[in-house]
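Undergrad: Can you look at this prediction? I've put the sequence above it.
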Protein chains: 2
Amino acid sequence: MRLSRYFLPILREPPREAEIVSHRLMLRAGMIRQESAGIYAWLPMGLRVLNKISAIVREEQNRSGAIELLMPTIQSADLWRESGRYEAYGKEMLRIEDRHEREMLFGPTNEEMITEIFRAYVRSYRDLPLNLYHIQWKFRDEVRPRFGVMRSREFLMKDAYSFDLDQEGARHSYNKMFAAYLRTFNRLGLTAIPMRADTGPIGGDLSHEFIILASTGESEVFCDKAILDLPVPPADTNFDDAAGLQAIFDAYTTPYAATSEMHDAAAFAQVPSERQVSARGIEVGHIFYFGTKYSAPMKALVAGPDGQERPVHMGSYGIGPSRLVAALIEASHDEAGIVWPDAIAPFNVALLSLKPGDSAVDAACETLYRALSARGVDVLYDDREERPGAKFATADLIGAPWQVLVGPKSLAEGKVELKRRATGERTLASIEDAVAQLTA
Amino acid sequence: MRLSRYFLPILREPPREAEIVSHRLMLRAGMIRQESAGIYAWLPMGLRVLNKISAIVREEQNRSGAIELLMPTIQSADLWRESGRYEAYGKEMLRIEDRHEREMLFGPTNEEMITEIFRAYVRSYRDLPLNLYHIQWKFRDEVRPRFGVMRSREFLMKDAYSFDLDQEGARHSYNKMFAAYLRTFNRLGLTAIPMRADTGPIGGDLSHEFIILASTGESEVFCDKAILDLPVPPADTNFDDAAGLQAIFDAYTTPYAATSEMHDAAAFAQVPSERQVSARGIEVGHIFYFGTKYSAPMKALVAGPDGQERPVHMGSYGIGPSRLVAALIEASHDEAGIVWPDAIAPFNVALLSLKPGDSAVDAACETLYRALSARGVDVLYDDREERPGAKFATADLIGAPWQVLVGPKSLAEGKVELKRRATGERTLASIEDAVAQLTA
């Protein structure tokens, strides 16, 4: 992408309303714009990150055997009356009346709708296990939305729903998501710790939050350092192997780890003091097993091998890609701006022409731009008529993992400069070597 | 995808409520499920088609230089008061009150919001031209939603918005979209005819609908057959070449073509009778130039080279991917089911095991499934314990362009059978040749 033809509205001044660093940086870097309280437009660079995160989430859901569909945003109130949640959900639910005065709502979550879909088609244990997910915009009418997309009203969520004949099957399904989440966050460049959690208004008796450590995190968490050293399930994990997945679950849930709500100071004191970690955390995922909480009242029944019908056992599994954009920035930034992990950077390379109009510089930039783009590298080519200082500041702010600086002086020696954003380390390389290094 | 692990809820009986063939087939083939009047869930196979259509739309928008962002679904009523459309839009607009009694709405379109984004950041002609688009769910509260996703209330739309300093620039931007739309529909396997259109409530003075011919179309259209033989702009079309794009526009708008609303019987009579086409059509895209209709009241001003500020000239450009799924089926089906064009088929190949459990058949199917998947072919492998007749019917219904039939008899001679869905033509091939042919 040539910056002269892109839409990257950088703000010079840190916006006053932003209380946390990710919100400030997302506004300054032209990633989002607030359209109403807690409602944001995703500007082109913000959308690129959001899409890269969603793609990784999707790949890992698919790997685990979950199947993607897409439910609508607007739901019927009647559906929620079946589960009893229509009245219970309170003011966070955005309630709507259509032109025929039917009561509708903007979905804050989809347990009821997916249960309705399931019961319409599935009757037998032979069609189980089943895990259906979607990545869709949700709305929760927070009384005081804040922190940008970290706690917004309209937000993107991946929510998966598992269906099993019994608790044993449901436990296997739960463990599939548990392992898929460990892989997902690891691929995003995050260390996420599963912590036993309250089940809250969704209900149920087995639930974990996935928490990443960040000094600006919203809540206090406590854990045994041992959990940070556990291996992440590999790409070839066999998700059909119930015992193997249970072993992963057991390994991750044996060391102490708890949010402040579930904290047990006495148990934590048993952890050797050099391994006690007490830190701030950000919740980036939440998984629940809730049995027949929805299937029983909504009559989502399946016949078992014995021919007897019984309510299906369900779980739900959420990750918020829009919130993750902010969480990733909270976990990875410095004074100059964002430092994107390679896997989800909006652009892998910022290519800076330090003297547009100089024919050698222009030619070198074009060569690099074409060669990298042809190899599938996302390049933002800063071809604007701007001073080098402004270009350096923009490149640091938007956080591409690599910068390539092309100026007449080093080019006279046949070199361009490569700068690693995270470390600031700079090296000189020929154009050919630069391409090789950036596509390695 | 192994069908035994997929979620493809085929209906045996044609559903009574469906009045048109695409709606019937989408319900029967397990592509969609109605959740409320005019509101559908996209089941896994339906979502695959929707995503493939959106991907082609996106590629062609990007090729033309348009830049993707993503605006939220929920908008503030105040924004629409600035343009004067809040009252004017009527009951089709889904109006919402949030917990703080602020008036909001579910966006039916985004002229106001994109104008707000533009004016927040862009001040100078040097940042023009600019074309920003998104692919987002919209809501129009139709009084009587019908025809499935052809006229639903919640629907997916790609809407692009162009910004130029003056009418000449805006004409160039309009022609970019005109050419991009010709390419888009052609890649989807459709012949779309641009027809001069009423501008309707969006306003403006230059507008074309893109209409595909289908015997089940909603409206009557008239055109000169010559338009059907015009070349489609190639992939290397230079979108910066204003004269070249104008020539494409002129070539397509010279032969007679009009919807019934704009029909001029006298002019049509001038077309040689053997070239007169009168047919049914389905609208699949709509483009508008509307000048300063929104920028003037909303004060989206840019300074020209003379330093004078003036309202920016705008156009908007819509394609409905969700409606296109239905339109494609209307244009391509037979008595047995859907016949997908190759480019947007949910699965390119239906692989039918005619005797699961037979070790030679199982081995051949596995070999084919792995080889084709590894080469990027989307394969639906029907590995279920079902009679061949049921598998043939399912494969025909869901319309994969190719079927591969693997049975013990032909396999004894080292062959599998390839069937082209559109023609019914069958040929025998070795496994190796089948893979070669299906990945050619």
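TA: Sure thing, it's come through.
Undergrad: which residues in chain A form helices?
TA: Listed in chain order, the helices found in chain A under DSSP state H are A:21-28, A:44-63, A:77-83, A:85-88, A:111-121, A:167-187, A:242-253, A:265-269, A:321-331, A:359-374, A:388-398, A:408-412, A:431-438.
Undergrad: okay, the ones you listed in a markdown table with mean neighbour count next?
TA: Quick note: C-beta positions are derived from backbone N, CA and C, even for glycine. Shown next, in a markdown table, are the helices of chain A (neighbours: other Cβ atoms under 10 Å in any protein chain shown):
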| stretch | mean neighbour count |
| --- | --- |
| helix A:21-28 | 23 |
| helix A:44-63 | 21 |
| helix A:77-83 | 18 |
| helix A:85-88 | 15 |
| helix A:111-121 | 21 |
| helix A:167-187 | 22 |
| helix A:242-253 | 16 |
| helix A:265-269 | 10 |
| helix A:321-331 | 26 |
| helix A:359-374 | 17 |
| helix A:388-398 | 18 |
| helix A:408-412 | 14 |
| helix A:431-438 | 17 |
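Undergrad: and chain B, which of these is closest to it?
TA: Among the helices of chain A, helix A:111-121 comes nearest to chain B, with 3.8 Å by Cβ to the nearest Cβ.
Undergrad: packing partners for the closest one?
TA: When contacts are defined as 3 or more Cβ pairs under 8 Å, 6 or more residues apart in numbering or on different chains; DSSP states H and E, helix A:111-121 packs onto helix A:77-83, strand A:130-139, strand A:154-164, strand A:313-319, strand B:32-36.
Undergrad: Now render those as a markdown table, adding distance to B:L228.
TA: What follows is those, written out as a markdown table (distance: least, Cβ to Cβ, whole Å):
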| stretch | distance to B:L228 |
| --- | --- |
| helix A:77-83 | 47 |
| strand A:130-139 | 39 |
| strand A:154-164 | 42 |
| strand A:313-319 | 48 |
| strand B:32-36 | 31 |
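Undergrad: which stretch among the ones you listed comes nearest A:K391?
TA: strand A:154-164 (31.6 Å; Cβ to Cβ).
Undergrad: That closest one vs chain B: in contact?
TA: Yes - using Cβ under 8 Å from any Cβ of the partner chain, strand A:154-164 reaches chain B at A:E154.
Undergrad: what inclination does that strand have with respect to helix A:44-63?
TA: With axes from the mean of the first three to the mean of the last three Cα atoms, to 10 degrees applied, the angle from strand A:154-164 to helix A:44-63 works out at 0 degrees.
Undergrad: Adjacent strands (with direction) for strand A:154-164?
TA: Partner strands for strand A:154-164, per DSSP bridges, with pairing direction: strand A:130-139 (antiparallel), strand A:313-319 (antiparallel).
Undergrad: among the helices and strands packed on helix A:111-121, which is nearest A:E92?
TA: Nearest of the helices and strands packed on helix A:111-121 (Cβ to Cβ): strand A:130-139, 9.0 Å.
Undergrad: buried ones in the closest one?
TA: A:L130, A:N131, A:L132, A:Y133, A:H134, A:I135, A:Q136, A:W137, A:K138, A:F139 (16 or more other Cβ atoms under 10 Å in any protein chain shown).
Undergrad: Once you drop chain neighbours, what's closest to the fifth one?
TA: The reference is to A:H134. A:L70 (4.9 Å; Cβ to Cβ, 6 or more residues apart in numbering or on different chains).
Undergrad: Tell me how many other residues surround the one you found.
TA: Look at A:L70: counted by other Cβ atoms under 10 Å in any protein chain shown, it has 21 neighbours.
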